[in-house]
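Participant: predicted structure and sequence below. I'll ask about it afterward.
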Amino acid sequence: MRSIRRGDTGPAVEEIQSILVGLELLPAVADTFDGATENAVRAFQQSRGIGVDGLVGPETWQALDGARWKLGARTLYHSVPTSLVGEDVRALQERLLEMGFDSGRADAIYGPRTARAVAQFQREVGLTPDGSCGPQTMKALRRLGRKVVGGRPQWLREAEAFRQSGSSLVGKTIVIDPGHGGAEDLGVVVPDGQLRWTEADLVFDLANRLEGRLLAAGMRVHLTRGPSPVQPMTGQERAALANSLGADLFISLHLDGQESPAADGVATYHYGTGNGLTSTVGERLANLVQREIVVRTGMRDCRIHAKTWELLRLTRMPAVRVDLGYLTSPTDRERLVDPAFREQVVEAILAAVQRMYFPVEADVPTGSIDVRQLRLALASRNA
Ligand SMILES: [Zn+2]
C-alpha cells in the first residue's frame, strides 16, 4: 500500500480528514490532502508516538482507524491474540488513571493491565469484575465524572452507594447537628441590650425547624443534641452518633463570629484536603446548600470550602457544615433573630437536600423548588 500524502485526493483522503476533524486537529474536511492536513497528520503521529513524516502509511492508518472510536461506542475487552486498539481505549485508560486505577501507560491498547484496572474499578462500584468495559461499566464511569482523583476509591464507593439509594426522601436518615450546646459551650455570644444572642440557641432553633420540615417530607431525622445538653459534645462524638445511626446525610449548623462587625455572609464546608482529594458527594451537598441559601436569602456568598475537620473526616456519609452568617454582623444578626428569616434558611436547606436525591440530569435551577410541594407529594404518595 502506497502512503497517502500531500496532493492526493479521493475518498481515502476525505476519510482521513474527517477523523482528524473528529480529533480536533483539523478545522474542516477539504478536497485535497493539503498543507493543513499534513500538519494535522504530523500532530497526530507525534501524539501517538509514530514516526512523524506527514504521510499516512499502514501504521498511521491503523492508528487513525482506532481513533474513530469514541468511548462508549463499543464494548471493550481484553481480546487475544490481537488486542483492541483505539481512541476509546486511550480515553478509558486516562479516566482510570485519573481515578487512581493503575492501567499502565495510556497507550490505546486494551491489554491485560487495562483489563485488571477495569476489574478493580468494577469491584469498587459493585459491578461484576469481569475486566471488560460494556454499557454498565461505562455508565458508572460517566456518572463518577472527572472529579475523582488521587486514587482514593472510598469516594467512588460513597458516590455509588448514594446513587443507588434512590431519588426519594422517604425513609432516608438525616442527622442534623446544631453546633455547641450546654452552659460551657455557647459558641458565638453577642449581647443585645438586656438580651444576649447565642450561636448555640439559634442553631438549635434552626435544627428544630429543619427537623419538622424534613420529617414532613418523609425523612428520618435525628438531632445530635437537645436544647441544653449537660456536657459539651466533641466533633468525634457527633460523628460517631451519625455513624451509629447509619445516616445517609449529615448537616452541621453553626454561626460565625468575628471582632470586626463588617464580616458577614454564609459559607459551607465539606471534607477535602484542598489539593484535589475531596468527597464528591459532600462537595455536591455543600454546593447545593450554599447556593440555595444564597439565592433564597440574599446573604453574602462566602462560598464552599474543603476542610479536614474531625466532624467531616470521621462521618461515613456525605457531611457538610454550614456557617449561616455572622452573629457579630449587625446585618446578619438582624436577620438571624427573625424567625421568618430562619424559616427561609430552613426551606433553602430542605430544597438542597431534595436536590441531592434528584438524578443529576433531572436537577432543577437553584431557588426553584417550592418546598411546600414536598409535603403534598408525600401526602399523595401515602393516599
Ligand atoms: Zn460554631
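Facilitator: Alright, I've got the coordinates. Bear in mind the structure is a predicted one, so any value in this text is a computation, not a measurement.

Participant: SS state for Ile174?
Facilitator: What DSSP: H, G, I helix; E, B strand; the rest coil gives for Ile174 is strand.

Participant: ugh, typo on my part, it should be Ser228
Facilitator: With three-state DSSP as the basis, Ser228 sits in coil.

Participant: now whichever residue of the stretch 251-383 of the chain sits closest to the ion: how far from Thr173?
Facilitator: Across the stretch 251-383 of the chain, no residue is closer to the ion than His254, which sits at 3.5 Å (Cβ to the ion). Any C-beta I mention is one placed from the backbone N, CA and C, and that applies to glycine too. Per Cβ to Cβ, to the nearest Å, His254 is found 22 Å from Thr173.

Participant: now do Arg355
Facilitator: From Arg355 to Thr173 the distance is 18 Å (Cβ to Cβ).

Participant: between these two, which one's more packed in?
Facilitator: Between Arg355 and Thr173, Arg355 has the larger neighbour count (other Cβ atoms under 10 Å), namely 23 against 16.

Participant: wait, the more buried one touches Ile369, no?
Facilitator: Yes: between Arg355 and Ile369 there is a contact at 6.9 Å, judged by Cβ atoms under 8 Å.

Participant: next, count neighbours for Glu38.
Facilitator: Glu38 is flanked by 17 other residues according to other Cβ under 10 Å.

Participant: is it in a helix, a strand, or coil?
Facilitator: helix.

Participant: skip the chain neighbours and tell me the closest residue to it.
Facilitator: Closest residue to Glu38 apart from its sequence neighbours, by Cβ to Cβ, 6 or more residues apart in numbering: Gly54 at 4.3 Å.

Participant: which strand or helix spans the one you found?
Facilitator: Counting by DSSP states H and E, there is no helix or strand that carries Gly54.

Participant: just the pLDDT at it, thanks.
Facilitator: As predicted, Gly54 sits at a pLDDT of 94.

Participant: over to the one 5 residues further on?
Facilitator: Glu59 carries a pLDDT score of 85 in this model.

Participant: list the contacts of it.
Facilitator: By Cβ atoms under 8 Å, 6 or more residues apart in numbering, the residues touching Glu59 are 50-51.

Participant: looks to me like it is in a helix.
Facilitator: Yes: assessed with three-state DSSP, Glu59 lies in a helix.

Participant: surely Ile304 touches Ala267?
Facilitator: Yes: using Cβ under 8 Å, Ile304 makes contact with Ala267 at a distance of 7.1 Å.

Participant: buried sites along stretch 347-367?
Facilitator: Of the residues in stretch 347-367, 347-357, 366 count as buried by neighbour count, 16 or more other Cβ atoms under 10 Å.

Participant: same question, stretch 250-258
Facilitator: For stretch 250-258, using 16+ other Cβ under 10 Å, the buried residues are 250-257.

Participant: would you format the residues you listed as JSON lines with secondary structure included?
Facilitator: Below are the buried residues of stretch 250-258 laid out as JSON lines (three-state DSSP):
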{"residue": "Phe250", "secondary structure": "strand"}
{"residue": "Ile251", "secondary structure": "strand"}
{"residue": "Ser252", "secondary structure": "strand"}
{"residue": "Leu253", "secondary structure": "strand"}
{"residue": "His254", "secondary structure": "strand"}
{"residue": "Leu255", "secondary structure": "strand"}
{"residue": "Asp256", "secondary structure": "strand"}
{"residue": "Gly257", "secondary structure": "coil"}
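
Participant: list the contacts of Gln231.
Facilitator: For Gln231, the contact set (Cβ under 8 Å, 6+ apart) comprises Gly182.

Participant: what's the answer for the one 5 residues further on, then?
Facilitator: Applying Cβ under 8 Å, 6+ apart to Gln236 gives the contacts 310, 314.

Participant: going forward can the numbers begin at 34, since that is how I track them
Facilitator: Happy to do that; since the first residue is 34 now, the last one works out to Gln269.

Participant: okay, and it sits in which element?
Facilitator: Element membership of Gln269, judged by DSSP H and E, is helix 268-277.

Participant: next one: that helix to chain centre, how far?
Facilitator: 23 Å (Cα atoms, centre = their mean, to the nearest Å).

Participant: ok, now stretch 90-98?
Facilitator: Remark: stretch 90-98 is offset 38 Å from the chain centroid, using Cα atoms, centre = their mean.

Participant: ok, stretch 201-209 next?
Facilitator: Mean C-alpha position of stretch 201-209 versus that of the full chain (Cα atoms, centre = their mean) differs by 19 Å.

Participant: avg pLDDT for that stretch?
Facilitator: Here the average pLDDT along stretch 201-209 is 90.
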